[in-house]
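Q: Here is a sequence together with a model predicted from it:
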Amino acid sequence: MATTNTTNGSARAADGSGTRPALKTSPEAYTTLGSLIDPTKPDNRDLLIKAYGDQGLTGFLELTNAKKSAAVADEVTWWEEGRLHKTVDITSMTAANPGVITAPSGINTEVRLNDVLLLADGQRVVVTDLKSATSLEVKSLKGGNTTVIGASGKAAVIGNIYAQGTDQPTKFYQTDLEKYTNPLFITKEVFIVNGSQATNIGWVNVNGSYLWYHKNEMDARKRFMNQREMMMVFGQKVADTTSIVLAEGTITGSEGYFQALEKRGIVADVSGGAQGTFASITDMDQIILELDKEGAPMEYAMYVDRRTSLDIDDLLAQGIATQVTAGLPGQFGAFNNDANMAIQLGFKSFTRGGYTFHKHDWKMLNDATISGLTSAGSYYKGAMIPLTTVADAKTGEKAPALEMNYKAAGNYNRDIEHFVTGSILGYATDGEDVARFNYRSECNLITRAANQHVLLR
């Protein structure tokens with residue numbers, strides 16, 4: 001059954017024409033009691049209808065246990081340890097004994113003589129000569145004149161082997177330490193009402209008040225909170241060593257959650273359906289196999305768009321994955337091991353392959369004025385967030401996988417600043433006949449161990 005949304009999220013004019021509102025630089029006029037002086041009083045219904053439901057989008061960071069912390073510099077730095085064991089890339093290999101592995105430049109500094117490599121096809125070879133920066137010689141551990149079959153891809157360093165009476169290795173391996181930084185960004189909003197409009201009575205009942213500017217001020221606050229969270233999800237950091245020049249200065253941007261996963265996480269371009277969502281349990285199983293490779297925790301929150309949520313519901317209805325698998329109950333560590341708490345918060349939980357997933361609809365991806373811009377839905381289908389803490393590689397301290405930071409020093413912080421300027425409504429900061437409601441935040445989101453997160457698209 002085909003459906004058509006004729007409004008596409010646009011605000012409708014009084015005549016129903018669906019005119020899209022323009023940005024305003026000055027307050028608009030409001031209906032006054034003077035317009036009611038008429039022999040026949042209109043039959044006005046003062047109930048304000050929420051034609052698009054609750055348009056609040058915040059909650060993602062709170063429900064995924066994102067910690068809030070103070071930041072004391074213009075960017076936040078954190079450290080992550082590298083892999084304990086090493087792999088090397090192989091471009092090609094000659095089918096001979098000895099074989100010659102061709103690899104990107106620097107291979108002779110990544111492995112040592114006598115190292116044993118496990119090839120992708122299961123062969124075990126020993127390094128016998130570091131020929132050049134792009135090649136090395138290997139022999140099969142099968143011995144004799146066994147031919148090393150040509151291969152490409154990755155090889156794992158599984159150990160080394162030495163003859164009797166030989167010396168210790170002259171080189172040693174060291175675990176990498178990765179440094180990451182993310183600037184904070186500043187986001188702002190404003191709403192302005194003049195003294196005359198602030199005293200006009202409108203037609204609509206807004207939480208017991210008929211002052212229409214109350215509604216617009218509440219909407220400005222909600223829009224600010226929504227956009228602040230959207231910037232932490234969709235934000236992008238400008239390429240290193242560059243910036244974007246604006247009329248009043250330069251910006252460097254800030255890495256949002258999706259950009260962090262596209263750069264360092266698991267990206268799952270799921271296969272099925274017109275929108276590219278889950279077609280079968282194979283999609284889920286492929287993700288689980290990748291999680292195993294990254295040492296992922298066993299409990300995840302899945303925030304997904306509606307189409308993906310429906311597809312997963314179909315999989316569960318078919319009995320492919322259930323809350324009890326192989327006699328093991330699902331885990332609810334993020335909800336004090338209480339399944340009822342998960343349900344009350346809007347999560348639907350199931351297990352697969354030893355992992356427990358708590359699925360939740362992500363309104364941000366469905367809204368026609370945000371990510372659900374086309375009939376095909378959102379480009380991003382959702383994310384899978386580990387419900388765990390990770391250890392900082394430099395300090396050893398435990399930290400949440402997601403952390404929201406805001407600038408602060410002493411008693412002053414820039415998490416959510418709200419201040420009013422002007423000379424009406426009891427405010428007297430200047431002589432202007434307005435009340436200017438200002439909103440400001442300087443914050444960012446850092447994604448630790450992004451390799452354990454999954455982006456669905």
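A: All right, it came through fine.
Q: pLDDT (mean, whole number) over the helix or strand where Asp311 lies?
A: Using DSSP states H and E, Asp311 sits within helix 306-317. Helix 306-317 shows a mean pLDDT of 83.
Q: next one: stretch 100-117
A: If you average the pLDDT over stretch 100-117, you get 89.
Q: And Phe258, what's its pLDDT?
A: 94.
Q: meant to ask about Tyr300
A: 91.
Q: Quick check: it touching Ile385?
A: Yes: the criterion here is Cβ atoms under 8 Å, and Tyr300 meets it with Ile385 at 6.4 Å. The C-beta positions use only the backbone N, C-alpha and C, and glycine is treated the same way.
Q: that older thread, helices or strands next to the helix holding Asp311 in the packing?
A: strand 348-352, strand 355-361 (3 or more Cβ pairs under 8 Å, 6 or more residues apart in numbering; DSSP states H and E).
Q: how about a cut-off of 10 Å?
A: With contacts defined as 3 or more Cβ pairs under 10 Å, 6 or more residues apart in numbering; DSSP states H and E, the packing partners of helix 306-317 are helix 281-293, strand 299-304, strand 348-352, strand 355-361, helix 363-366, strand 382-386.
Q: Name the residues of it that are buried.
A: Judged by neighbour count (16 or more other Cβ atoms under 10 Å), helix 306-317 contains these buried residues: 306-309, 311-312, 315-316.
Q: and of these, the nearest to Thr77?
A: Of all the buried residues of helix 306-317, Thr308 has the smallest distance to Thr77: 34.3 Å, by Cβ to Cβ.
Q: any idea how far Asn207 is from that closest one?
A: Using Cβ to Cβ, to the nearest Å, Thr308 is found at 35 Å from Asn207.
Q: Which stretches in the stretch 51-200 of the chain count as strands?
A: 67-71, 75-81, 87-90, 92-93, 99-102, 115-119, 124-132, 135-140, 153-160, 177-183, 185-194 (DSSP state E, counting those that start in this stretch).
Q: Out of the ones you listed, the one nearest Pro400 is which?
A: When these are compared by Cβ to Cβ, strand 67-71 sits nearest Pro400, at 4.3 Å.
Q: what is in contact with Tyr300 and Ile385 at once?
A: Both Tyr300 and Ile385 are in contact with 64, 334, 358, 452-454, where contact means Cβ atoms under 10 Å, 6 or more residues apart in numbering.
Q: quick one: which of those has the most company?
A: Highest neighbour count within the shared contacts of Tyr300 and Ile385: His358, with 28 neighbours (other Cβ atoms under 10 Å).
Q: what's near enough to touch the nearest residue to Val72 once chain neighbours are set aside?
A: Once flanking residues are discounted, Val72 sits nearest to Ala409: 6.3 Å by Cβ to Cβ, 6 or more residues apart in numbering. Ala409 makes contact with 70-72, according to Cβ under 10 Å, 6+ apart.
Q: about what we covered before: using PDB, write out every CA atom in the helix holding Asp311.
A: Provided in PDB are the C-alpha atoms of helix 306-317 (Å, rounded to 0.1, in the frame of the first residue of the first chain):
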ATOM      1  CA  ARG A 306      11.500   2.400  12.000                       C
ATOM      2  CA  ARG A 307      12.100   0.200   8.900                       C
ATOM      3  CA  THR A 308      15.000  -1.500  10.500                       C
ATOM      4  CA  SER A 309      13.000  -2.000  13.700                       C
ATOM      5  CA  LEU A 310      10.200  -3.600  11.800                       C
ATOM      6  CA  ASP A 311      12.600  -5.900  10.000                       C
ATOM      7  CA  ILE A 312      14.200  -7.000  13.200                       C
ATOM      8  CA  ASP A 313      10.700  -7.600  14.700                       C
ATOM      9  CA  ASP A 314      10.000  -9.800  11.700                       C
ATOM     10  CA  LEU A 315      13.100 -11.900  12.400                       C
ATOM     11  CA  LEU A 316      12.100 -12.300  16.000                       C
ATOM     12  CA  ALA A 317       8.600 -13.300  15.100                       C
END
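Q: Perfect, I'm done here.
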